[in-house]
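Student: Can you look at this prediction? I've put the sequence above it.
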Amino acid sequence: MEKREVEIELNGCPYRARIEPRLLLSDFIRHEARLTGTHVGCEHGVCGACTVEIDGTPMRSCLVLAVQARNRQVRTVEGLTDGWPDHELTILQEAFHEKHALQCGFCTPGFLMSLQPLLLEERELSEEDIQVALSGNLCRCTGYRNIVAAVQLALERIREVRNTGSSQENAEKLPQRR
């Protein structure tokens with residue numbers, strides 16, 4: 001099969017490669033770009049472990065061909081801390097840590113990437129809203145209680161930052177759209 005030239009913006013940096021047209025985006029990210037934070041679980045789009053943002057929208061990278069991401073912005077879990085002071089953990093990552101919302105960690109990158117848009121919404125979210133947002137990701141270890149608690153904590157902290165004013169320091173703590 002003839003290889004094609006693609007350029008994909010990965011976490012804000014252009015990445016070029018010659019690839020086969022049938023190469024999945026998940027395999028491109030892991031094997032061509034060597035970003036191993038995107039995990040591959042089911043390879044059918046069911047588990048959510050391979051979730052990345054494409055032009056700001058969470059998508060299953062195992063269901064997208066790499067050539068379909070040509071000239072698009074792709075953000076992986078490694079790119080979540082871009083724009084954060086000294087590449088600190090994001091508010092959501094800190095909440096996952098504090099609430100013990102991960103055990104083996106395999107599903108965590110997919111959860112983080114799926115939840116990022118939820119954190120950008122400026123509305124009150126019930127526990128049911130959070131559960132619906134989590135429904136596309138599978139975790140075999142935690143039972144989801146701690147993940148829901150982590151999202152609630154992250155949302156609470158984001159509200160606090162938004163309510164304390166618009167200083168540059170506070171603005172840097174908020175999740176950003178790409």
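Tutor: Looks like it came in fine.

Student: Could you list every helix and strand in contact with the lengthiest helix in the chain?
Tutor: As assigned by DSSP state H, the longest helix anywhere in the chain is helix 145-163. Where contact means 3 or more CB pairs under 8 Å, 6 or more residues apart in numbering; DSSP states H and E, helix 145-163 is packed against helix 91-98, helix 108-120, helix 127-134. Where C-beta positions appear, they are placed from N, C-alpha and C, glycine not excepted.

Student: Swap in 10 Å and give it another go.
Tutor: Judged by 3 or more CB pairs under 10 Å, 6 or more residues apart in numbering; DSSP states H and E, the packing partners of helix 145-163 are helix 91-98, helix 108-120, helix 127-134, helix 168-172.

Student: what inclination does the second one have with respect to helix 145-163?
Tutor: In other words, helix 108-120. Here the directions of helix 108-120 and helix 145-163 differ by 40 degrees (axes from the mean of the first three to the mean of the last three CA atoms, to 10 degrees).

Student: Go through the helices and strands packed on helix 145-163 and name the closest to residue 6.
Tutor: Evaluated over the helices and strands packed on helix 145-163, closeness to residue 6 peaks at helix 108-120, with 21.1 Å, by CB to CB.

Student: Excluding sequence neighbours, find me the nearest residue to residue 98.
Tutor: Among residues not flanking residue 98 along the chain, residue 153 sits closest, at 6.7 Å (CB to CB, 6 or more residues apart in numbering).

Student: what are the phi and psi angles of residue 50?
Tutor: Here is the backbone geometry of residue 50 (degrees, to the nearest 10): phi -100, psi 10.

Student: Do I have it right that it meets residue 62?
Tutor: Yes: Residue 50 lies in contact with residue 62 (CB atoms under 10 Å); the separation is 4.6 Å.

Student: and residue 58, what element?
Tutor: strand 57-60 (DSSP states H and E).

Student: And residue 26, by the same measure?
Tutor: Under the criterion of DSSP H and E, residue 26 resides in helix 25-27.

Student: From the contact counts, what lies against the helix or strand just after that helix?
Tutor: Once helix 25-27 ends, the next helix or strand along the chain (criterion: DSSP H and E) is strand 51-54. On a contact count with 3+ CB pairs under 10 Å, 6+ apart, strand 51-54 meets helix 25-27, strand 57-60, strand 73-75, helix 108-120.

Student: Pairing partners for strand 51-54, with directions?
Tutor: strand 57-60 (antiparallel), strand 73-75 (antiparallel) (DSSP bridges).

Student: Out of the helices and strands packed on helix 145-163, which is the most enclosed?
Tutor: helix 108-120 (a mean of 22; mean count of other CB atoms under 10 Å).

Student: Which strands or helices does that helix pack on?
Tutor: Applying 3+ CB pairs under 10 Å, 6+ apart, we find helix 108-120 packed against strand 51-54, strand 57-60, helix 91-98, helix 127-134, helix 145-163.
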